[in-house]
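Undergrad: sequence first, then the predicted structure, then my questions.
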Amino acid sequence: MPRQMTDHTLDAIKGWPSPYAVDYSAKFKAADIVTLAAAGTEPRAGRVVTLDSNGDFVYGMADYQMPLFLFASQNDPDVSNAGGDPAGTAADAGSWVPIVPNGKLLALVATGGYELETTEFVAATYVYNEWLKAATGTTDASSGKLVTVAQGAAACCGVVSRPTRTNAYGRSVLAFWPVFKPKAS
Amino acid sequence: MSACQTQDETRALNEALFEKLASTDPLLVKEAVDAVNDFTRSKMREDGFARAIMPFMPISNDELDRQVQTDKPVKIVDKEPDSPAAITVGFATLPDAIYIRGPRYPVTFARILSPKFTKDTDELRTWIMDIRQVLSDNAIKDMLAEEDGKFISACNTAIGAAGTTNVTSGVIQHQNIAGGWTRDTLWDGTTVLPSTPSNLEVQTSLVNNLTIKQINKLTRQEFGGDFAQEVMKNGWTSTEFMGHRWIITIKKGIIANNAWYMFAEPKFLGKAYELEPTTMYIKREAFMLEFFSYETIGSTIGNTNAVARVNIS
């Protein structure tokens, strides 16, 4: 089935867009894009990311980094227009080089005042007020996807506001209020 | 401020602009915004080298190509297909079959935003500079740096590392040439671009304002005739040299010293589209003025054989 624009999404049910919203744009870590691409996937909208030491997005959250939620996918045409490396990679010979866009993805910061709804969560039964986190790594099945966490056991990036439902495009979605609660030291 | 505009004229112009911006009449506000936009767009055209090398063409909604995977704007551009050369053979044989394909490349769009500037209008009353220039200069500087920086970054990707054979063209499109700026190295430099299979000639050269001073040092014998005298008297004033156009930029942070970029005609290079021209958003709320500019553009180098770079050392 071809990729559709409704497959992987982050929607703001309340509080966004706003000209005063705390959004943030950065590139996804290049090496992770390669790893994900090799597995046939891409950084996807709706997933949790944090900034690495270079200021690039990586999937998931450790104990103390500020979580953000990707609003765009890497393959969105306002993020990338992948022509490859026509100068240095034989497989890309004859390809094009985009000048615009520049590879930056928009993300909403977990301290923002909004209610979000994502398609990216580990399939499970979620209940109101459950705490959420997301695993790090480059495994498409789990990395960056919301999953429940016991209070205080690890950093938390959100609280379930509405249990899973099927949205208007037939996708299962989970709504939550973003919060940032670092792991208790 | 234009050269022929007096301080009094500028002040009068500023007051008129403020009055319009403060007006409750949307037509007057629009007039003020249009005045700033006209000014901004002409400055963008004048000051950006990327736009001079690969001019933006306006594109309308009905020229965009709809995609299944996204509702974001995309334009698909056809590439001229390469074909193998004809061959000489003996009798009683037929040519190899070539199945024709139509290669294409996408131009995707993104928005370029300047920072959002704020200023108390009462503080602006003391300014004797043209307010249109204050507004546009702040915004334009950043947007042009973004446009030009991204353009050169893409050119560097297209040509590859210095001294490395480009896998698309099979030749080195990013060459180091030793010997300083001489008549010989200049002409040697111009052989890089036509050496690709596309055989494209240089239409535009791009160097920074320090590099051109090295070229200015060419002697009368090297320049040939009175051009050396002209350069010595007046500095570099020419836009045509060696049969093509030269663009001199002050953006040394983007164009390194002694780096010389060469480009074929824009039609061979790629496509640059302007979906939303540079537009200044201006909002006056009570005494606070808030402004930023934005544009929606898409540009792609479709033919990497149309760019070359030489580093003279």
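TA: Thanks, I have the structure now.
Undergrad: tell me, what residue is most central in the chain?
TA: The chain I'm using is chain A. Among the residues of chain A, the one closest to the centroid is residue A:47, at 2.5 Å (Cα atoms, centre = their mean).
Undergrad: my bad, chain B
TA: residue B:50 (0.7 Å).
Undergrad: surely it touches residue B:151?
TA: Yes - counting by Cβ atoms under 8 Å, residue B:50 touches residue B:151, with 3.6 Å between them. Every residue, glycine included, has its C-beta placed from N, CA and C.
Undergrad: shared neighbours of the two, which are they?
TA: A:99, B:299 (Cβ atoms under 8 Å, 6 or more residues apart in numbering or on different chains).
Undergrad: residues in the stretch 1-150 of chain B within reach of chain A, list them.
TA: Near chain A, the residues belonging to the stretch 1-150 of chain B are B:50, B:54, B:67-74, B:82, B:103, B:105-112, B:150 when assessed by Cβ under 8 Å from any Cβ of the partner chain.
Undergrad: one step back: ok, the closest residue to the residue nearest to the centre of chain A other than its chain neighbours - contacts?
TA: In this structure, residue A:47 finds its nearest non-sequential neighbour in residue A:144, 3.2 Å apart by Cβ to Cβ, 6 or more residues apart in numbering or on different chains. Residue A:144 sits next to A:43-44, A:47-49, A:59-60, A:70, A:120, A:134-135 when contact means Cβ under 8 Å, 6+ apart.
Undergrad: restricted to buried residues, select the residues of the stretch 1-150 of chain B next to chain A in PyMOL.
TA: Selection of buried members from these for PyMOL, criterion 16 or more other Cβ atoms under 10 Å in any protein chain shown:
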select buried, chain B and resi 50+54+70+72+73+74+105+106+107+108+109+110+112+150
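Undergrad: what is the neighbour count of the residue in chain A that chain B sits nearest to?
TA: For chain A, the residue closest to chain B is residue A:87, as judged by Cβ to the nearest Cβ, at 3.0 Å. Under the neighbour criterion other Cβ atoms under 10 Å in any protein chain shown, residue A:87 is assigned a count of 25.
Undergrad: go on, residue B:89?
TA: By other Cβ under 10 Å, 9 other residues sit near residue B:89.
Undergrad: same check, this time on residue B:232
TA: 13.
Undergrad: what's the answer for residue B:36, then?
TA: For residue B:36, using other Cβ under 10 Å, the count is 24.
Undergrad: can I assume it sits in a helix?
TA: Yes - counting by DSSP: H, G, I helix; E, B strand; the rest coil, residue B:36 is located in a helix.
Undergrad: among the residues of the stretch 1-150 of chain B next to chain A, name the ones in helices.
TA: Secondary structure from DSSP state H places B:50, B:150 of the residues of the stretch 1-150 of chain B next to chain A in helices.
Undergrad: quick check: chain neighbours aside, which residue is closest to the closest residue to chain A within the stretch 51-200 of chain B?
TA: Ranked by Cβ to the nearest Cβ, the top residue of the stretch 51-200 of chain B for proximity to chain A is residue B:160, at 3.0 Å. Nearest non-adjacent residue to residue B:160, counting by Cβ to Cβ, 6+ apart: residue A:87, 3.0 Å away.
Undergrad: low-confidence bits of the chain, can you list those?
TA: No chain specified, so I'll use chain A. A:1-2 (pLDDT under 70).
Undergrad: hmm, no, I was thinking of chain B.
TA: Across chain B, the ranges flagged by pLDDT under 70 are B:1-5, B:22, B:43-46, B:82-83.
Undergrad: for it, what spans make up the strands?
TA: Applying DSSP state E to chain B gives strands spanning B:57-58, B:74-78, B:104-108, B:110-113, B:117-120, B:174-177, B:204-208, B:240-241, B:244-249, B:259-263, B:270-285, B:288-301, B:307-312.
Undergrad: same question for chain A.
TA: Counting by DSSP E, the strands of chain A are A:10-14, A:23-27, A:48-51, A:57-59, A:68-70, A:97-100, A:104-109, A:115-118, A:131-134, A:146-148, A:156-166, A:172-181.
Undergrad: for residue B:195, find the nearest of those.
TA: Among the strands of chain A, the nearest to residue B:195 by Cβ to Cβ is strand A:97-100 (19.2 Å).
Undergrad: contacts for that closest one, please.
TA: Here strand A:97-100 makes contact (Cβ under 8 Å, 6+ apart) with A:80-83, A:86, B:50, B:54, B:107-110, B:112, B:150-151, B:153-155, B:157-158, B:270, B:272, B:297-301, B:304.
Undergrad: got it, and stretch A:69-76?
TA: With contact meaning Cβ under 8 Å, 6+ apart, stretch A:69-76 is reached by A:3, A:8, A:10, A:23, A:28, A:33, A:36, A:42-49, A:57, A:78-80, A:82, A:105-108, A:110, A:116, A:118, A:144, A:178, B:69-70, B:72.
Undergrad: buried subset of those as a PyMOL selection?
TA: Typed into PyMOL, the line below selects the buried ones among those, using 16+ other Cβ under 10 Å:
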select buried, (chain A and resi 8+10+23+28+33+36+42+43+44+45+46+47+48+49+57+78+79+80+82+105+106+107+108+110+116+118+144+178) or (chain B and resi 70+72)
